[in-house]
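1. Predicted structure and sequence below. I'll ask about it afterward.
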Amino acid sequence: MLVSRHAIATLILAVILFPIYEFKVLLLFAFGVFIDFDHYLDYVFNTKNFNPIKAYKVHMNEFENNLEVPKKLHLFHVVEFWILILALTLIFKNDYFYMISLGLILHLSMDFIDMFKNHQENSRYLSLIHYFIDK
């Protein structure tokens, strides 16, 4: 899914929640949008190229042309990361972790809807365990 769509959806939710959580909603926005940094990390790991513009162009080419590419590992999108964030939220039970979790949940929900809508269920690893078993 395009980063702009994540940004718009997360911004709308942040504006709605701002009267209650004030500037803590910036965490919601950060985790709702910048979680996709792992796409860049995957690109760097696989190409050894640190150029973010090139990484963006490659990703957009794959997205726009609906290219079949090898299954990708996006570290912030795997179930182990979700469990870690949700466990920290349950342990600390504060507004900061609620906002982080809400941003993560919104982002991943949008990604899953987009993946199933576009029949790309096998485009990324959903677990580190599955990644290491496949390798």
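-> Nice, I can see it.

2. Name the next helix or strand downstream of the lowest-mean-pLDDT helix or strand in the chain, please.
-> Ranking every helix and strand in the chain by mean pLDDT, DSSP states H and E puts helix 52-64 at the bottom, with a mean of 91. Following helix 52-64 in sequence order, the next helix or strand is helix 79-92 (DSSP states H and E).

3. what's the spacing between the helix or strand following that next one and its chain's center?
-> Where DSSP H and E defines the elements, the next helix or strand beyond helix 79-92 is helix 95-117. Relative to its chain's centre, helix 95-117 lies at 7 Å (CA atoms, centre = their mean, to the nearest Å).

4. so what secondary structure elements neighbour helix 95-117?
-> helix 3-21, helix 25-33, helix 79-92 (3 or more CB pairs under 8 Å, 6 or more residues apart in numbering; DSSP states H and E). Yep, even glycine has a C-beta here, placed from its N, CA and C like the rest.

5. Switch the ones you listed over to TSV; also include mean pLDDT.
-> As requested, these are exported to TSV (pLDDT from 0 to 100):
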stretch	mean pLDDT
helix 3-21	97
helix 25-33	97
helix 79-92	97
